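Asks: Structure, please.
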Amino acid sequence: MPLSGVSMTELYLYRSTVFFLVILAQCYVPVFGTPEVEWVTGWGTEHEDHVFEGVHVQAGGFCVVGKCGEPDSSTANGFVMKVDANGEQEWLTVLGKQSFHDEARCVVEVHDGFIVGGTTGISKRRSKACLWKISPSGEVAWKKILDHKKNGAIRGLDTLDPESFVATGYVASDEISIPFISDESTGILLVTNQSGDIAWQKEIPFSQGAKVSYQKKTRVITICGTTWQESFKSEHQDAFLVQFSRDGEKLHQHLYGGADMEQCFDFEALPDGFVLAGHKASHEIGNWNVWLVRTDSEGNLLWEQTYDQLSNGTSKNIFDECYGVKQTSDGGFVLACGSGIEPDQVSNEDSPDNLWAACLLKTDSLGELCWTYVFHQPESGHNACEWVIPHGDEKYLMLLDSDHLGEAEPSNVGLVYVSDN
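Replies: Have a look, this model is predicted:
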């Protein structure tokens, strides 16, 4: 503004105000930078390995689970792997036998080892929901196969107390392998002790449970997942939360989404609600964008966010997908994601966007993006982040499906440890 005709006092006050506002802006405008990589490694079997989930081990290191098998084969083995705090492999246990189908899909640590959930082959054409107890040194202590029709799997686990845990998944499926989403099946919820004895088992009102969490303060069990709905004059997928009492009585259920396709693969219980993660696609465009949803303690929607073009690619055909979410020490969230083009969507054979990138998103407590870390080496092969394990203060272990990390062919479990300090 013009300063002619302004007194010295007014000029002084104006300059002082400007100076104060500049200082205030410098103090309160957040500055975000991408994290630093502390180490990168890869481990696995001599077959094609796919990692699904992992936990930080109280005594140090990490335990991760997945499946391995020959490329394009209808059979697989499950695996459980322990690495130390620097990513060095301590042991690897393979579950299952040749020509059968086994997968390890979820894991929780207990006081004397680990509980692993997944599916196990009972014949060359059948697999059933299964739980394994794994010792701290990687030995199979016991194996519990659920009794049910057709095929099934355990998809999520959480501890209830030092002697028992809760599991969710599905049964009565026509598919021997575990799909991304089991539509034609029956969802289940069960509680068992650490010897594998089932205290009770119930059906849930959805075709499968994806992940489960127990809130000790409220004694409520919550399950998330994806379900088909017919509304907005079309069929589409929505996310759901369904809640049960500690004794298995159904309490509430909630749906999230709209006319678009929304899929939920993970969630986390917070002190004042829940955060759900997955991806969504409109019927017109068709490619996925990362999707984050925040609710209050009653399950009411507070906000939702979407994120796209994570790998900074130029193609409009890039899919941005999310399979894991965890709350961070500052109240924000980290999301484990993959970004790339599906083979049937490739238009430029030479584009680096055709090779998938592993991405880690960090947001604040309102879902506003703070940074995106991208691990992308298209000259070496595909990478995708399937899970993330927060570790200490602002440190994160990314679990990758990787074509090149690790020495064995054709793919291994990639481990990327980053720090935001």
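Asks: And the average pLDDT for stretch 407-421 is what?
Replies: Stretch 407-421 carries an average pLDDT of 89.
Asks: same deal with stretch 252-261?
Replies: Over the span of stretch 252-261, the pLDDT mean works out to 96.
Asks: Quick one: end-to-end distance for it.
Replies: With C-alpha to C-alpha, to the nearest Å applied, stretch 252-261 spans 23 Å between its terminal residues.
Asks: Same question for stretch 219-238.
Replies: End-to-end distance for stretch 219-238: 26 Å, by C-alpha to C-alpha.
Asks: Give the buried residues for it.
Replies: Using 16 or more other C-beta atoms under 10 Å as the burial criterion, the residues of stretch 219-238 that qualify are 220-227, 229, 236-238. Heads up, the C-betas are built off the backbone N, CA and C, glycines and all.
Asks: That one: how far from the chain's middle?
Replies: Stretch 219-238 has its C-alpha centroid displaced from the chain centroid by 18 Å (C-alpha atoms, centre = their mean, to the nearest Å).
Asks: now swap in stretch 148-158 and tell me
Replies: If you compare the mean C-alpha spot of stretch 148-158 with that of the full chain, they lie 18 Å apart, counting by C-alpha atoms, centre = their mean.
Asks: contacting residues around it?
Replies: Under the contact criterion C-beta atoms under 8 Å, 6 or more residues apart in numbering, stretch 148-158 has outside partners 103, 105-108, 115, 117-119, 126-131, 146, 165-176, 178, 182, 185, 188, 208-214, 223.
Asks: which of the residues in that stretch are buried?
Replies: Across stretch 148-158, burial judged by 16+ other C-beta under 10 Å covers 148, 150-158.
Asks: which of those are the two that sit furthest away from each other?
Replies: Lys150 and Asp158 (25.7 Å; C-beta to C-beta).
Asks: Okay, and which of the contacts of stretch 148-158 map to strands?
Replies: For these, membership in strands holds for 103, 105-108, 115, 117-119, 126-131, 165-173, 188, 211-214, 223, with DSSP state E as the criterion.
Asks: Any of those buried? List them.
Replies: Burial by neighbour count, judged by 16+ other C-beta under 10 Å, picks out 103, 105-108, 115, 117-119, 127-131, 165-173, 188, 211-214, 223 from the ones in strands among the contacts of stretch 148-158.
Asks: Nearest residue to Ala277 in space, please, no chain neighbours.
Replies: In space, Ala277 comes closest to Val325 once its chain neighbours are excluded; the distance is 3.5 Å by C-beta to C-beta, 6 or more residues apart in numbering.
Asks: what about that neighbour, neighbour count?
Replies: When neighbours are counted by other C-beta atoms under 10 Å, Val325 registers 27.
Asks: remind me which residues of the stretch 151-300 of the chain are low pLDDT?
Replies: In the predicted model of the stretch 151-300 of the chain, no residue satisfies pLDDT under 70.
Asks: do that again at 90, thanks
Replies: 194, 231-234, 282-287 (pLDDT under 90).
Asks: Got the phi and psi for the one residue sitting closest to the centre of the chain?
Replies: Taking C-alpha atoms, centre = their mean, the centroid of the chain lies closest to Gly324, which sits 1.7 Å from it. Note on Gly324: backbone dihedrals following degrees, to the nearest 10 are phi -150, psi 140.
Asks: correct me, but it touches Glu268?
Replies: No - contact status for Gly324 versus Glu268: not in contact, 9.4 Å apart, counting by C-beta atoms under 8 Å.
Asks: in stretch 343-354, what counts as buried?
Replies: Neighbour-count burial for stretch 343-354 [16+ other C-beta under 10 Å]: 345, 351-354.
Asks: closest to Thr34 among the residues you listed?
Replies: If you rank the buried residues of stretch 343-354 by distance to Thr34 using C-beta to C-beta, Pro352 comes first, at 19.1 Å.
Asks: From Leu400, how far off is the residue nearest to that closest one when sequence neighbours are not counted?
Replies: In space, not counting the residues next to it along the chain, Pro352 is nearest to Pro378; the distance is 3.9 Å by C-beta to C-beta, 6+ apart. When distance is defined by C-beta to C-beta, to the nearest Å, Pro378 is 14 Å away from Leu400.
Asks: again, but for Ala336
Replies: 9 Å.
Asks: Find the residues that touch each one of the two.
Replies: Taking C-beta under 8 Å, 6+ apart as the contact rule, the neighbours common to Ala336 and Leu400 are 385-386.
Asks: isn't Phe165 right up against Val107?
Replies: No - Phe165 is not in contact with Val107 according to C-beta under 8 Å; the separation is 11.0 Å.
Asks: Overlap of the contact sets of the two?
Replies: Listed as contacting both Phe165 and Val107 by C-beta under 8 Å, 6+ apart are 115, 157.
Asks: what number of residues lie near Gln377?
Replies: Counted with other C-beta under 10 Å, Gln377 comes out at 16.
Asks: Let me fix that, I meant to ask about Gln89.
Replies: 17.
Asks: which residues does it contact?
Replies: Contacts were defined as C-beta under 8 Å, 6+ apart; by that measure Gln89 touches 43, 81-83.
Asks: Gly275 and Tyr307: what is the separation?
Replies: Wrong residue type there; residue 275 is Val, not Gly. Shown here: Val275 relative to Tyr307, a distance of 14 Å by C-beta to C-beta.
Asks: same question, Ser164
Replies: Ser164 sits 37 Å away from Tyr307, going by C-beta to C-beta.
Asks: So between these two, which is more surrounded?
Replies: The residue with more neighbours, out of Ser164 and Tyr307 and counting by other C-beta under 10 Å, is Tyr307; that gives 21 against 16.
Asks: what pairs with that one across the strands?
Replies: Residues in a beta bridge with Tyr307, per DSSP bridges, are Val290.
Asks: surely it meets Val290?
Replies: Yes - with contact taken as C-beta under 8 Å, Tyr307 and Val290 are classed as touching, separated by 4.3 Å.
Asks: which neighbours do those two share?
Replies: Common contacts of Tyr307 and Val290, defined by C-beta under 8 Å, 6+ apart, comprise 320, 335, 337, 361.
Asks: Got the confidence number for Glu349?
Replies: Reading off the model, Glu349 has pLDDT 88.
Asks: Would you map the strands across the stretch 251-400 of the chain?
Replies: With DSSP state E, counting those that start in this stretch, the ranges of strands along the stretch 251-400 of the chain come out as 261-270, 273-281, 289-295, 301-307, 319-327, 333-340, 357-363, 369-375, 383-390, 395-402.
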